[in-house]
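> I would like to see how this sequence folds:
(one chain, ligands or ions: 1)
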Amino acid sequence: MTATLLVDIGLLATQDAELGEIRDAAIILDGPRISWVGPVASAPPADERVGLGGKTVVPGFVDSHAHLVFVGDRSEEFVARMRGMPYAAGGIRVTVADTRGAPDALLRLNVERLAGELLRAGVTTFECKSGYGLDVATEERSLRVAAEFTPETTFLGAHVVPPDTPRDEYVSLVCSEMLDACAPHARWIDVFCEQGAFDVDESRAVLQAGIARGLGARVHANQLSAGPGVQLAVSLDAASADHCTHLSDADVDALAGSSTVATLLPLAEFSTRSPYPDARRLLDAGVTVALATDCNPGSAYSTSMPLAIALAVREMAMTPAEAVRAATVGGATALRRNDLGVIAPGRGADLIVLDAPSYVHLAYRPGVPLISQVWQGGKRVA
Ligand SMILES: [Zn+2]
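As a prediction, this is how the structure comes out:
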């Protein structure tokens, strides 16, 4: 295996508690793993040497929440919303109709396109949910296609109740036949616990059925109202409660005392013109926070983790350091992956080179394409 020494790193923000931030740093990539990190002056020799021009290096972003298996778009709904129509869970059904009619090849093309966008935005690992099929066959093939691109696949049959299906009947279908078909292609199970989607009892039933099949739990929680989703997530030791836009003090306390990550999705608030989650309150309470894109055709059709970081700083009172941390090791923690999100010996060799003197520029220069290189598994891929 070839060892590659990366040198001339002006600032390396490792996200590792001990290594911290290193100026004039170097990294050795040994195949798909990092084998050494430190000041360039003490770097050991390697097979090849690549200079990074004094730029900033951070870990590859870990996007722990994305909905990429669909076809069609909802730009008309977006235009209407920007003219004052409120966002509601029901818009999902439009995408369901398009997705059910699409062959695998079209679904694959869409995931491939968005995975490419994510990579160019610095995302080296992403989670991908089903949830636009809402029937056994389409949910199963959605996950089969997603698994071609990422090991972090999530069964979201409980995204919304499909039209013309009684609720009880649909919830039992999700927990039985649909779960049986989807579980072999999924690592996680998720539910949209919200008014207009699934109530707490339905959500619990779905998550428990998935957990019984060996899937890890994640929950769309407290996005549109201060509902029971966060408490449910914590009670089931879900890896993540996602959105967390409307929280009670009890919700914040529950998250702080748990290993459930609060995954914040500011691109959704941006694209639905909604109030942002209070990241400061969560961080001050000691909650682990992740930032993710929520890329989906309805409420947040963006793959830009840098924009999510900029919004987290501008609108949610996170410091740039906290926002980058949430987008890297925070996302890895939300996926219960301790091999990602940190630049340290033994971790995956996934990193981003920023054309900037500091990662602060991700927030300070919003919308500017600062990602000049992406390395994944020890190889330059963008
Ligand atoms: Zn979502």
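> For residue 319, grab the count of nearby residues.
By the measure other Cβ atoms under 10 Å, the count of residues near residue 319 is 14. To be clear about C-beta, it is placed using only N, CA and C from the backbone, and glycine gets the same treatment.
> same question, the one 10 residues further on
Neighbouring residues of residue 329 were enumerated by other Cβ under 10 Å; the total is 25.
> Let me know whether it touches residue 59 as I believe.
Yes. Residue 329 is in contact with residue 59 according to Cβ atoms under 8 Å; the separation is 7.1 Å.
> overlap in contacts of these two?
Shared contacts of residue 329 and residue 59, defined by Cβ atoms under 8 Å, 6 or more residues apart in numbering, are found at 15, 340, 341, 342.
> Of these - the most surrounded one?
Most neighbours among the shared contacts of residue 329 and residue 59, by other Cβ under 10 Å: residue 341, with 31 neighbours.
> Which of the three states applies to that residue?
The three-state label given to residue 341 by DSSP: H, G, I helix; E, B strand; the rest coil is coil.
> and it, what is it in contact with?
15, 59, 62, 328, 329, 330, 331, 332, 333, 347.
> Also residue 243?
220, 221, 222, 223, 263, 264, 265, 268, 277.
> looking at this, the fifth one is in a strand?
Yes. When the secondary structure is assigned by three-state DSSP, residue 263 falls within a strand.
> I'd say it and residue 244 touch.
Yes. Using Cβ under 8 Å, residue 263 is in contact with residue 244, at 7.3 Å.
> which of the two has more neighbours?
residue 263 (32 against 29).
> partners of the more buried one in the sheet?
Counting by DSSP bridges, residue 263 forms beta bridges with residue 242, residue 290.
> who's in contact with it?
Listed by Cβ under 8 Å, 6+ apart, the contact set of residue 263 reads 64-65, 240-244, 289-292, 330-331, 334.
> need the residues you listed in JSON lines with distance to residue 178, can you?
JSON lines is the format used below for the contacts of residue 263 (distance: Cβ to Cβ, whole Å):
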{"residue": "64", "distance to residue 178": "23"}
{"residue": "65", "distance to residue 178": "21"}
{"residue": "240", "distance to residue 178": "22"}
{"residue": "241", "distance to residue 178": "23"}
{"residue": "242", "distance to residue 178": "21"}
{"residue": "243", "distance to residue 178": "24"}
{"residue": "244", "distance to residue 178": "27"}
{"residue": "289", "distance to residue 178": "32"}
{"residue": "290", "distance to residue 178": "27"}
{"residue": "291", "distance to residue 178": "30"}
{"residue": "292", "distance to residue 178": "25"}
{"residue": "330", "distance to residue 178": "31"}
{"residue": "331", "distance to residue 178": "27"}
{"residue": "334", "distance to residue 178": "24"}
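> And those residues, which is closest to residue 85?
Relative to residue 85, the closest of the contacts of residue 263 is residue 243; by Cβ to Cβ it sits at 20.0 Å.
> where's that closest one relative to residue 267, distance?
To residue 267, residue 243 is 11 Å away according to Cβ to Cβ, to the nearest Å.
> cool, residue 211 as well?
Here residue 211 is placed at a distance of 29 Å from residue 267 (Cβ to Cβ).
> same deal with residue 65?
Computed as Cβ to Cβ, the residue 65 to residue 267 distance reads 10 Å.
> Find the residues that touch each one of these two.
Common neighbours of residue 65 and residue 267, using Cβ under 8 Å, 6+ apart, are 293, 294.
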